[in-house]
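Enquirer: Show me the folded form of this:
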Amino acid sequence: MSGHPTQEDPLPITNTLFPPPPAYWQSFTETNIQRYKSLTGTSFFDNQGDGVKGDNDNIDLNLGEEETKELEELKIRLNRPRNDWVEEDGRWMSFGTLFNIKPTIPTIKDIGLPPLFHSTTTPEKSLPNLLSSFLHTILLLLDVLTTSARTPDELMHAGWAHEGDQYIQHLSNLAASMMIHSNSLRQMQSESTLILMMEKEIEERKKQTESLRRKCKEISTKIKRLKEVKG
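Expert: This is a model prediction of the structure:
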């Protein structure tokens, strides 16, 4: 008997709508639960609030060496699954996608792109230049595509499969760089969005308050007229 079968006998992942349950459910058999009860003298379900009792609990058991070892293995198998490993590893996987506890925005260096600006350049300065370079490269690519084609030997000697390959690659690098620089503005964007939402909420509250005041004034006028009629 050993620990949870999560690492020993992983369940095969098939193309289903939901992933299979964790493999440690196989440990919770009727045999293991009854054996735990016979070794400890207590029901396994009595300890569900705090998990299976540990070694330091005051339980007076007259067990032999073999039974003590078996009980320790049962405690490992039937104890609550650990979830703090996510914090230890700093990441977890779900549906084949790897997630981090603290999401990080990839940098140009992480992706392996050639640096087009200094790392200290702010997005406010880099994005207009990147856009200008992107548009200029498109014009160069169009110019190449509209001119007469060169001979295959000349292209092969230059190391290109096509005359526009260098511009297409540069456009790809520029687009990826713009996405990375734009992602760094997410915090500013969220702050601006929050400000707009709060301003909209304040404006809506003002309209509701004004509507209530008009309604109160209308009711007050009607009450005054009713008093005059009765008087």
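
Enquirer: For Ile105, grab phi and psi.
Expert: Ile105 adopts backbone torsions of phi -80, psi 120, taken as degrees, to the nearest 10.

Enquirer: Show me where the chain has its strands.
Expert: With strands called from DSSP state E, the chain shows them at 91-94, 97-100.

Enquirer: Show me the one of those that comes nearest Gln208.
Expert: With CB to CB as the criterion, Gln208 lies closest to strand 97-100 of those, at 41.5 Å. Yep, even glycine has a C-beta here, placed from its N, CA and C like the rest.

Enquirer: List the pairing partners of that closest one within its sheet, with orientation.
Expert: strand 91-94 (antiparallel) (DSSP bridges).

Enquirer: Any chance of the strands of the chain in JSON lines with distance to Ile223 and mean pLDDT as columns?
Expert: Output for the strands of the chain, formatted as JSON lines (distance: least, CB to CB, whole Å; pLDDT from 0 to 100):
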{"stretch": "strand 91-94", "distance to Ile223": "63", "mean pLDDT": "77"}
{"stretch": "strand 97-100", "distance to Ile223": "62", "mean pLDDT": "80"}
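
Enquirer: Next one: His136 from Leu116, what distance?
Expert: Per CB to CB, to the nearest Å, His136 is found 13 Å from Leu116.

Enquirer: which of the two has more neighbours?
Expert: Leu116 (17 against 13; other CB atoms under 10 Å).

Enquirer: wait, doesn't that one sit right on Ala176?
Expert: No. Here Leu116 does not reach Ala176: they are 10.0 Å apart, not a contact under CB atoms under 8 Å.

Enquirer: Quickly list what's touching both of those two.
Expert: By the contact definition CB atoms under 8 Å, 6 or more residues apart in numbering, Leu116 and Ala176 are jointly contacted by Ile108.

Enquirer: State the pLDDT value of the closest residue to Leu185 other than its chain neighbours.
Expert: Leaving aside its sequence neighbours, Leu185 sits nearest to Pro123 (CB to CB, 6 or more residues apart in numbering; 5.4 Å). In the predicted model, Pro123 carries a pLDDT score of 79.

Enquirer: Then Ala158?
Expert: 63.

Enquirer: Ok, Pro12 next?
Expert: 52.

Enquirer: just checking, Ser177 touches Ile111?
Expert: No. With contact defined as CB under 8 Å, Ser177 does not count as touching Ile111 (9.2 Å).

Enquirer: Please compare the two by neighbour count and tell me which comes out ahead.
Expert: Higher neighbour count among Ser177 and Ile111: Ser177, with 22 against 12, using other CB under 10 Å.

Enquirer: what pairs with the spatially most central residue of the chain across the strands?
Expert: The residue lying closest to the centre of the chain (CA atoms, centre = their mean) is Phe99, at 5.8 Å. Under DSSP bridges, the beta-bridge partners of Phe99 are Trp92.
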